[in-house]
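Visitor: got a predicted model here, sequence first, then my questions.
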Amino acid sequence: MELALNDKVSTVKLALELYEKVYSMTRIVVFLLLVCLVSLSIAEGDIEERKKRQNEDGYERNYQCFNKQLCNCGSDGYESFQQCYDQLHPRSQKWFYRALNKCQGLQEPIASGNPFTDWAPKICSLDEKVKKACSKHMTNEISLELDRAINKGKYGKDVKEKAEIAFACLQRIFGVCHDTPDQCSKKA
């Protein structure tokens with residue numbers, strides 16, 4: 001009987017030791033999981049910060065291109081942007097002027113349909129900080145509008161087709177900036 005009692009005691013001791021090992025392993029696993037989760041959230045913050053910096057770098061590059069082509073290239077720059085604008089559906093052209101008139105710093109609204117040669121000097125004469133903010137605003141607005149028209153087909157096939165042509169035209173202008181930054185885009 002004493003032998004059976006010793007077996008039960010050693011079985012209980014063994015069970016307790018096993019429980020402690022499993023419990024401590026569980027704590028270690030839980031701790032490691034917490035470390036991983038914290039690391040992921042920190043890394044995610046780094047990723048978000050990196051994306052934000054890349055977006056800011058992209059805005060800056062686009063602004064430098066926009067500013068050079070529109071404000072430093074004279075009629076070549078005006079005509080290149082005018083050509084892209086002319087490709088837009090009339091509905092999108094009206095939208096473009098509404099978005100443009102939301103830019104801060106414009107003394108008076110720019111009437112829809114005015115050629116770029118009429119209003120580009122107004123944009124180019126804005127304070128650098130205001131002009132950058134306007135460029136960022138227009139980049140966001142144009143991106144959203146083109147996404148609605150092209151990717152989502154929100155406004156119908158004819159608006160989509162014209163938006164695709166206008167987008168390709170803008171890509172050509174910005175391509176000149178990235179490929180040959182010292183040159184002005186010419187009307188195609």
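Guide: Great, that's in hand.

Visitor: now Thr117, nearest residue through space, not along the chain?
Guide: Nearest residue to Thr117, sequence neighbours excluded (C-beta to C-beta, 6 or more residues apart in numbering): Tyr78, at 4.9 Å. In this view, the C-beta of every residue, glycine as well, is placed from N, C-alpha and C.

Visitor: that neighbour: how many residues sit nearby?
Guide: 22 (other C-beta atoms under 10 Å).

Visitor: hang on, it packs against Ala120?
Guide: Yes - if you go by C-beta atoms under 8 Å, Tyr78 and Ala120 touch, sitting 5.2 Å apart.

Visitor: what residues sit buried inside stretch 58-70?
Guide: Asn62, Tyr63, Cys65, Phe66, Asn67, Lys68, Gln69, Leu70 (16 or more other C-beta atoms under 10 Å).

Visitor: could you do stretch 132-149 as well?
Guide: Buried, per 16+ other C-beta under 10 Å, within stretch 132-149: 132-136, 138-139, 141-142, 145-146, 148-149.

Visitor: got phi/psi on Thr180?
Guide: phi -140, psi 80 (degrees, to the nearest 10).

Visitor: I misspoke; the intended subject was Cys184.
Guide: The phi/psi pair for Cys184 (degrees, to the nearest 10) is phi -100, psi 150.

Visitor: now do Asp182
Guide: Torsion angles, degrees, to the nearest 10, at Asp182: phi -90, psi 0.

Visitor: quick one: the helices in this structure?
Guide: 2-67, 74-87, 90-100, 116-124, 128-146, 157-179 (DSSP state H).

Visitor: circling back: residues that sit against both of Tyr78 and Ala120, list them.
Guide: With contacts taken as C-beta atoms under 8 Å, 6 or more residues apart in numbering, the residues that reach both Tyr78 and Ala120 are Leu70.

Visitor: pLDDT weak spots in the protein?
Guide: For the chain, applying pLDDT under 70 flags the ranges 1-56, 187-188.

Visitor: one more time with 80, if that's ok
Guide: 1-59, 104-117, 139, 142-143, 145-155, 186-188 (pLDDT under 80).

Visitor: hmm, back to that, redo the buried residues of stretch 132-149 as TSV? Include distance to Ser92.
Guide: Shown next, in TSV, are the buried residues of stretch 132-149 (distance: C-beta to C-beta, whole Å):
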residue	distance to Ser92
Lys132	24
Ala133	23
Cys134	19
Ser135	19
Lys136	20
Met138	13
Thr139	16
Glu141	11
Ile142	10
Glu145	7
Leu146	9
Arg148	10
Ala149	7
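
Visitor: nothing else from me, thank you.
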